[in-house]
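[1] I would like the atomic coordinates for the input below:
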Amino acid sequence: MSATLTGIFLDAVERHDKASQFLVKQVGEWRPISARETYAAVEAVALGLRAIGVARGDRVALLAETRYEWAVCDLAILGIGAVTVPIYPTLVAAQVARLMRDAEVRVAVVSNAIQREKARAARAEVPTFETVIEIDRAPTEPARPGELSLDEVRTRGLAAREGDANAFRASLATITPDDLATIIYTSGTTGDPKGAMLTHGNIASNVASCLEVYALTPADTCLSFLPLSHIFERMAGLYAMLAGGATIAYAENMEAVGANATEVHPTILTGVPRFYEKVYAKVMDSVSKRPPVMQRLFHWGLARGRARARAHFAGRALSPLAELEARLADRLVGRVIRERMGGRLRYGISGGAPLNPSVLEFFFAIGIPILEGYGLTETSPVICLNRPGHEKPGSVGPPIPGVEVRLGPEGEVLTRGPHVMRGYYHNPEATREAIRDGWFHTGDVGRIDADGCLSITDRIKDLLVTAGGKKVAPQPIEARLKESRWVGEAVLLGDRRPFVVCLLAPDFEQLETEARDRGWTAASRRALIERPEVHALYEAEIARVNASLAPFERIKKFDLIDHELTLERGELTPSLKVKRRVIAEHFGPAIEALYGAEPRHAAAAEG
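    Residues are numbered from 1 along each chain as shown. The predicted structure follows:
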């Protein structure tokens with residue numbers, strides 16, 4: 001396999017040469033785009049970028065939602081030796097400007113007018129920033145100096161190709177594994193975002209190693225819906241799919257993933273735990289609304305499926321009777337659910353955060369294996385990945401080929417290998433702190449079992465140390481709480497405090513449906529969470545989780561947040577991890593109330 005990302009793309013074009021390398025929904029129909037058509041599009045954009053002055057090593061920002069054009073522009077930027085700086089489209093203008101300034105961006109490709117306005121604001125603050133390229137700019141919209149449409153860039157590229165038909169091929173030939181491919185700003189759960197510098201060789205090595213673990217063929221189709229701005233989707237959902245010859249279908253948006261799956265019949269999904277948790281919650285909610293006889297049939301079938309899943313995890317065979325029951329259950333229950341997800345799923349891949357073992361078991365029970373892995377932006381990203389047929393719930397599996405893992409004195413996960421970043425852009429101090437003696441320090445706490453499989457138990461900086469000196473790992477407890485269909489997010493707090501408390505963000509879609517069914521009237525979400533019946537609902541969920549905890553881990557008090565946690569408020573990272581420090585700041589008065597007088601329902605402090 002090629003040691004560069006551009007080589008992976010070129011190999012996909014020349015070796016696989018698929019008639020449907022990509023699938024894009026346009027005007028209600030899925031349009032196949034061939035590998036050759038994609039190559040021509042990438043070539044035109046690449047030469048067009050060079051025509052407007054983008055040179056080798058220049059930083060080009062990509063501020064766009066996941067879509068075909070994102071992939072084309074990324075490959076074009078890489079193809080001329082420039083550096084892609086992906087920026088989440090959910091970030092506000094001030095955050096966009098800050099990242100562009102740090103990366104010394106010269107050109108930004110934006111998706112639409114909303115993102116264009118953020119780029120316009122950034123141009124006033126970023127001295128190096130010269131040109132904005134808009135993908136969806138209407139032909140009739142008046143142009144401003146320093147702004148182009150993507151079509152105009154393509155036109156310039158086509159003109160350049162007429163002058164030199166081999167220019168792009170020649171450029172591709174100059175790209176080496178040591179060339180910087182991208183600067184990706186980390187999510188920043190515990191501090192300010194830092195720009196991780198990943199080379200072509202870093203990411204290409206990760207692609208090759210992962211494809212030794214899970215097989216891809218030209219018969220596969222991946223439905224891509226996670227942000228391409230995140231290294232997980234970019235590596236697994238774009239470069240790895242190209243390397244394996246799989247077709248990539250781009251979902252219309254997150255809300256349309258279910259409908260799109262029934263249309264394109266994917267064989268592979270890449271998702272974060274929250275996606276799988278929401279699928280699980282929707283299935284269980286749908287079942288709860290069916291007639292009692294159908295509910296009993298479902299739960300009978302699911303129980304047999306879970307029994308088969310547990311036997312699989314334990315490496316033992318079911319009894320002949322249990323195997324017969326499991327096959328019948330699969331026909332009556334598992335197959336029905338799989339059909340609603342397209343009917344062809346071979347497996348899903350989960351990364352970005354720990355996946356609740358109960359949710360993992362559910363997917364195995366319905367016949368959709370989930371391969372859980374682990375990694376970080378700085379590691380391109382995969383460090384560990386469960387092997388098909390040898391999955392361990394609660395574990396992220398052994399290291400992928402070519403990657404080393406060991407535990408530090410405090411149980412911190414350390415790794416080294418070709419996947420580790422070059423360093424943080426413009427931040428040598430943070431680089432020295434992160435990479436010591438050749439080992440990258442992840443900041444995660446873990447344990448390694450006798451089979452070499454890693455389990456992540458928490459973040460070093462996320463551990464809560466109570467006033468009594470007891471250490472509480474919040475993430476496993478939060479994951480247990482999120483098993484409930486009523487809970488959208490759970491945030492444990494209690495560092496240097498006498499006991500642990502919790503803020504719960506309801507899944508308002510589920511809660512409001514239940515309220516209508518039970519006749520609980522409320523003029524607003526705030527009024528709804530103040531109802532005693534609602535408080536009792538969540539009190540029962542807290543009691544359920546507390547029952548399995550040590551006394552010092554138990555949640556003594558809780559409160560409800562009157563809105564779902566969002567990226568826009570800065571409460572979640574782009575990969576949907578909770579920013580505990582931000583939550584503590586936003587809900588300071590409510591938290592203090594939990595430790596003092598009677599708690600009130602949590603609303604973010606004004607200003």
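
[2] Please report how far the residue lying farthest from the centre of the chain lies from Glu404.
    The centre of the chain is farthest from one residue, Gly163, which by Cα atoms, centre = their mean lies 42.0 Å away. For Gly163, the distance to Glu404 equals 49 Å [Cβ to Cβ, to the nearest Å]. Where C-beta positions appear, they are placed from N, C-alpha and C, glycine not excepted.

[3] so where do the helices sit in the stretch 501-607 of the chain?
    For the stretch 501-607 of the chain, helices defined by DSSP state H, counting those that start in this stretch occupy the ranges 508-518, 525-529, 532-546, 580-586, 588-595.

[4] would you turn those into CSV with mean pLDDT?
    As requested, these are exported to CSV (pLDDT from 0 to 100):
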stretch, mean pLDDT
helix 508-518, 90
helix 525-529, 93
helix 532-546, 94
helix 580-586, 85
helix 588-595, 90
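
[5] so where's the longest helix in this structure?
    Ordering each helix of the chain by length in residues (DSSP state H) puts helix 292-314 first.

[6] can you pull the buried residues of it?
    297-298, 301-302, 304-309, 311-313 (16 or more other Cβ atoms under 10 Å).

[7] Any chance of the backbone angles for the residue farthest from the centre of the chain?
    phi -80, psi -30 (degrees, to the nearest 10).

[8] got a pLDDT number for it?
    Listed pLDDT for Gly163 reads 92.

[9] now it: how far from Leu537?
    For Gly163, the distance to Leu537 - Cβ to Cβ - is 69 Å.

[10] Give me the helices and strands touching the longest helix of the chain, please.
    helix 273-288, helix 320-329, helix 357-365 (3 or more Cβ pairs under 8 Å, 6 or more residues apart in numbering; DSSP states H and E).

[11] taking those together, which one is wrapped up most tightly?
    When you average the neighbours per residue for each of these (mean count of other Cβ atoms under 10 Å), helix 357-365 leads with a mean of 21.

[12] partner strands of the helix or strand that it is followed by, parallel or antiparallel?
    Next helix or strand after helix 357-365 toward the C-terminus (DSSP states H and E): strand 370-375. Paired with strand 370-375 in the same sheet, following DSSP bridges, are strand 347-350 (parallel), strand 382-385 (antiparallel).

[13] sec struct for Val405, please.
    strand (DSSP: H, G, I helix; E, B strand; the rest coil).

[14] Spatially nearest residue to it, not counting backbone neighbours?
    In space, and not counting its chain neighbours, Val405 is closest to Pro399: 4.6 Å by Cβ to Cβ, 6 or more residues apart in numbering.

[15] cool, and Leu297?
    Per Cβ to Cβ, 6+ apart, closest to Leu297 is Leu332, 6.4 Å.

[16] do Val396 as well
    Using Cβ to Cβ, 6+ apart, the closest residue to Val396 is Tyr374 (3.6 Å).

[17] so what pLDDT did that neighbour get?
    As predicted, Tyr374 sits at a pLDDT of 95.

[18] ditto for Pro574
    For Pro574, the predicted pLDDT is 70.

[19] and the gap between it and Arg67?
    Distance from Pro574 to Arg67, by Cβ to Cβ: 16 Å.

[20] Those two: which is more packed in?
    Pro574 (22 against 19; other Cβ atoms under 10 Å).

[21] quick one, what contacts that one?
    Counting by Cβ atoms under 8 Å, 6 or more residues apart in numbering, Pro574 makes contact with 88, 90-91, 187, 227, 229-230, 567.

[22] Please repeat the previous calculation with a cut-off of 10 Å.
    Applying Cβ atoms under 10 Å, 6 or more residues apart in numbering, one finds that Pro574 lies in contact with 86-91, 185-188, 193, 226-227, 229-230, 352, 567.

[23] what about the closest residue to Glu533 other than its chain neighbours, how many residues close to it?
    Counting by Cβ to Cβ, 6+ apart, Trp520 is the residue found nearest to Glu533 once chain neighbours are left out, at 5.8 Å. Other residues lying near Trp520 total 17 when counted by other Cβ under 10 Å.

[24] and if you look at the one 4 residues further on?
    Taking other Cβ under 10 Å as the criterion, the count of residues near Ser524 is 9.

[25] That one touches Glu530, doesn't it?
    Yes: contact criterion Cβ atoms under 10 Å: Ser524 and Glu530 qualify, at 9.4 Å.

[26] tell me, what's touching those two both at once?
    By Cβ under 10 Å, 6+ apart, the residues touching both Ser524 and Glu530 are Asp562.

[27] where does the stretch 51-200 of the chain have low pLDDT?
    For the stretch 51-200 of the chain, applying pLDDT under 70 flags the ranges 187-191.

[28] Tell me where it has strands.
    Secondary structure of the stretch 51-200 of the chain (DSSP state E, counting those that start in this stretch): strands at 59-63, 83-86, 105-110, 131-134, 147-149, 180-185, 195-199.

[29] One more: the stretch 351-500 of the chain?
    For the stretch 351-500 of the chain, the strands defined by DSSP E, counting those that start in this stretch cover 370-375, 382-385, 404-407, 412-416, 423-424, 435-436, 439-448, 454-459, 464-465, 471-472, 487-493, 500-506.

[30] I'd like a version of these in TSV, one that adds distance to Phe552 as further columns.
    Output for the strands of the stretch 351-500 of the chain, formatted as TSV (distance: least, Cβ to Cβ, whole Å):
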stretch	distance to Phe552
strand 370-375	28
strand 382-385	30
strand 404-407	24
strand 412-416	23
strand 423-424	37
strand 435-436	33
strand 439-448	18
strand 454-459	15
strand 464-465	10
strand 471-472	7
strand 487-493	12
strand 500-506	8
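
[31] If the closest residue to Leu463 other than its chain neighbours is in a bridge, with which residues?
    Excluding the flanking residues, the one nearest Leu463 by Cβ to Cβ, 6+ apart is Lys471, at 5.4 Å. Per DSSP bridges, the residues bridged to Lys471 are Val465.

[32] Isn't Lys471 up against Val465?
    Yes: Lys471 lies in contact with Val465 (Cβ under 10 Å); the separation is 5.5 Å.

[33] ok so, going back, list the contacts for the residue nearest to Glu533?
    511-512, 514, 527-528, 531-534, 537.

[34] And the furthest pair within the residues you listed?
    Glu512 and Pro532 (17.1 Å; Cβ to Cβ).

[35] okay, these two: which has more neighbours?
    Neighbour totals were compared for Glu512 and Pro532, and Glu512 leads with 15 against 9 (other Cβ under 10 Å).

[36] Who are the contact partners of Ile231?
    Counted by Cβ under 10 Å, 6+ apart, Ile231 has contacts 86, 182, 184, 186, 196, 198, 202-203, 206, 351-352, 375-382, 575.

[37] just to revisit the earlier point, now tabulate the contacts of Trp520 in TSV and tack on distance to Val283.
    Formatted as TSV, these follow (distance: Cβ to Cβ, whole Å):
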residue	distance to Val283
Leu511	18
Glu512	19
Glu514	16
Ala527	30
Leu528	24
Arg531	27
Pro532	30
Glu533	25
Val534	23
Leu537	20
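
[38] Buried subset of those as a ChimeraX selection?
    This is the ChimeraX syntax for the buried subset of those, where burial follows 16+ other Cβ under 10 Å:
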select :511,514,528,534,537
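
[39] which among the contacts of Trp520 gets closest to Pro139?
    So of the contacts of Trp520, ranked by how close each gets to Pro139 (Cβ to Cβ), first place is Glu512, at 42.7 Å.

[40] And the pLDDT at Gly607?
    31.

[41] same check, this time on Ala602
    Value for Ala602, per-residue pLDDT: 47.

[42] And Leu302, by the same measure?
    Here, the pLDDT recorded for Leu302 equals 97.

[43] Next one: it relative to Ala181, how far apart?
    44 Å.
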